[in-house]
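Q: Whatever this is, show me its structure:
(chains A, B, C and D)
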Protein chains: 2
Amino acid sequence: MNSIMNDDEYLPLRDVVFNTLRQEILTGKMKPGERLMEIHLANKLGVSRTPIREAIRKLELEGLVIMIPRRGAEVAQITWKSLKDVLEVRRALDVLAIELACERMSRDDAEMLSGACESFEAATRTKDTRKIAEADVGLHDIIVASTGNSRLIQLVNNLAEQMYRYRFEYLKDESKHDMLVQEHKDMYKSIVNKNKEAAAAVVRKHIDNQEAAIIRQLQLEREERKSRR
Amino acid sequence: MNSIMNDDEYLPLRDVVFNTLRQEILTGKMKPGERLMEIHLANKLGVSRTPIREAIRKLELEGLVIMIPRRGAEVAQITWKSLKDVLEVRRALDVLAIELACERMSRDDAEMLSGACESFEAATRTKDTRKIAEADVGLHDIIVASTGNSRLIQLVNNLAEQMYRYRFEYLKDESKHDMLVQEHKDMYKSIVNKNKEAAAAVVRKHIDNQEAAIIRQLQLEREERKSRR
DNA sequence: TCAATTAAAATTGTATTAAAAAAAATACAT
DNA sequence: ATGTATTTTTTTTAATACAATTTTAATTGA
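A: Numbers count the residues shown, from 1 in each chain, chains lettered A, B, ... in the order given. Below you'll find the model as predicted:
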């Protein structure tokens, strides 16, 4: 459609830096407690300190880094507590999202959701965790987007990303795949039947399972640390 | 307590600027659509452009200003839709907050909440809207803080602030004061009785009333604009 | 050897300068 | 008078320079 008019995909450096750092933190390439030193990052990314600083301000507000005045920024510590806090909020917002989806989802979106359920099932069969994660994100995006509430969309996405690393680990566990496929189907059914209570119940179960998996994961990490000492 | 050891109350300029601009936007001193020009603001606040830019980045992430690349920032437009979206999310999070408060509030906090209810009632009698607003904020802060969920605290505060301007107008209406006092008392009772359902119901009513008042307010503003043309 | 003090190195905080882009104003042609 | 080019101005973006502060290391004296 827009083949002649090139829509100029311009992104300010600060946003490029922001996205880059954000990704590094969320995927765990930058470890909690690691300092973000301006000159160092500037050299690494080949830019000046200015865009680095601006990116750090945004990361700060998002809670991904914490600032110590006159000392600089460091990657925020992810504690058991902070994860539980995020999950608690996420559960409430995911429930809200699916309840609104029951009210508002269009036939077209429902169609897409059905397709996404199948894509997810197909992805589980490939056993490629990356693909599974992508299919999962796509599916949930359809539900959240169907609410038409842009603030909700922004918050849910943000909270989901905070746990990116752990969710990835969760999806690696093949024994859970069948359950996930079933839960997704249940969500779809509840939405098309406009059954809020059922929908909310599935989502709560979904998040509870995730929480349990993450707790296991953290326990493992802790064991590892202990044994290394 | 901390009378000898001065804990250095140092705030980087960017944060001073951030708070200043934030306040100006939330209280309506800076109108939606108004441009935030760096040199202008720098002169006005007597600082260089660097802290201004960093503050703007934070406002951007908070959604209070929108950035148009290579053109600058302007105060975000507050539409009916965007307010409804915020209220929808806020309702869910306020319900979560009071439900958690039912589970977790300590006897001391309950004591404080009781005091805050009385303070609010006293404030309504002064008919000083500023004082009433402060008492109201104080009361809700106690509830939200008692959840111990820092992410929730951060989000609820943020969402509440987005509607600062309108809530102020709402509290001006003396005819609602008795109802508000009663609702606050109901919240307190529900929490000490650990009655989640009742607590959630009061909060929903609370927000619904606010929403109705804000809609009226917006309708008024719209009439005004119409008549000015 | 250890603590205290001082010097230096590293790092952040703030300001300024330079470059790129967009917007506005002006000039020119139709 | 209207529409199109061209120039000027304004503004953002990015880089650099300088000042203030903190951290680290080294040195000195007990």
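Q: does any part of the lengthiest helix in chain A sit near chain B?
A: Using DSSP state H to assign secondary structure, the helix with the most residues in chain A is helix A:196-228. No. When contact is scored as CB under 8 Å from any CB of the partner chain, no part of helix A:196-228 falls within range of chain B; the minimum is 11.3 Å. Using the backbone N, CA and C atoms, a C-beta is placed for each residue, glycine as well.
Q: same for that helix, what does it pack against?
A: For helix A:196-228, the helices and strands in contact under the criterion 3 or more CB pairs under 8 Å, 6 or more residues apart in numbering or on different chains; DSSP states H and E are helix A:80-104, helix A:164-172, helix A:177-192.
Q: Please identify the most buried of these.
A: Between the helices and strands packed on helix A:196-228, the one whose residues have the most neighbours on average, counting mean count of other CB atoms under 10 Å in any protein chain shown, is helix A:80-104 (a mean of 20).
Q: Let me see the mean pLDDT of it.
A: Averaged across helix A:80-104, the pLDDT comes to 96.
Q: So is it next to chain B?
A: Yes. Using CB under 8 Å from any CB, helix A:80-104 reaches chain B at A:82, A:85, A:86, A:88, A:89, A:92, A:93, A:95, A:96, A:100.
Q: ok, so of those, who is nearest DNA strand D?
A: The nearest member of the residues of helix A:80-104 next to chain B to DNA strand D, counting by CB to the nearest atom of the strand, is residue A:82 at 23.3 Å.
Q: can you tell me which residues contact the residue in chain A that DNA strand C sits nearest to?
A: Here the residue of chain A nearest DNA strand C is residue A:72; by CB to the nearest atom of the strand that distance is 2.9 Å. For residue A:72, the contacting residues are A:35, A:36, A:37, A:38, by CB atoms under 8 Å, 6 or more residues apart in numbering or on different chains.
Q: any idea how far residue B:38 is from the last one?
A: The reference is to residue A:38. The gap separating residue A:38 from residue B:38 is 20 Å, by CB to CB, to the nearest Å.
Q: cool, and the third one?
A: Using CB to CB, residue A:37 is found at 26 Å from residue B:38.
Q: can the contacts of residue A:72 go into CSV with extra columns for secondary structure, distance to residue B:227 and pLDDT?
A: Putting the contacts of residue A:72 into CSV (DSSP: H, G, I helix; E, B strand; the rest coil; distance: CB to CB, whole Å; pLDDT from 0 to 100) gives the following:
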residue, secondary structure, distance to residue B:227, pLDDT
A:35, strand, 58, 94
A:36, strand, 53, 96
A:37, coil, 57, 95
A:38, helix, 53, 95
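Q: Buried among those residues? Need that as a selection in ChimeraX.
A: Burial among the contacts of residue A:72 is assessed by 16 or more other CB atoms under 10 Å in any protein chain shown; the matching ChimeraX selection reads:
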select /A:36
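Q: In a markdown table: the contacts of residue A:72, plus distance to residue B:220.
A: As requested, the contacts of residue A:72 are exported to a markdown table (distance: CB to CB, whole Å):
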| residue | distance to residue B:220 |
| --- | --- |
| A:35 | 52 |
| A:36 | 47 |
| A:37 | 52 |
| A:38 | 49 |
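Q: related to what we said a few turns ago, to residue B:193, which of the helices and strands packed on helix A:196-228 lies closest?
A: Between residue B:193 and the helices and strands packed on helix A:196-228, the tightest spacing by CB to CB is seen for helix A:80-104, at 21.9 Å.
Q: What is the subsequent helix or strand relative to that closest one?
A: The helix or strand immediately downstream of helix A:80-104 is helix A:107-126, counting by DSSP states H and E.
Q: how many other residues sit next to the residue lying closest to residue A:29 once chain neighbours are set aside?
A: The spatial neighbour of residue A:29 that comes closest, neighbours along the chain excluded (CB to CB, 6 or more residues apart in numbering or on different chains), is residue A:23 at 7.8 Å. Residue A:23 sits with 13 neighbouring residues when counted by other CB atoms under 10 Å in any protein chain shown.
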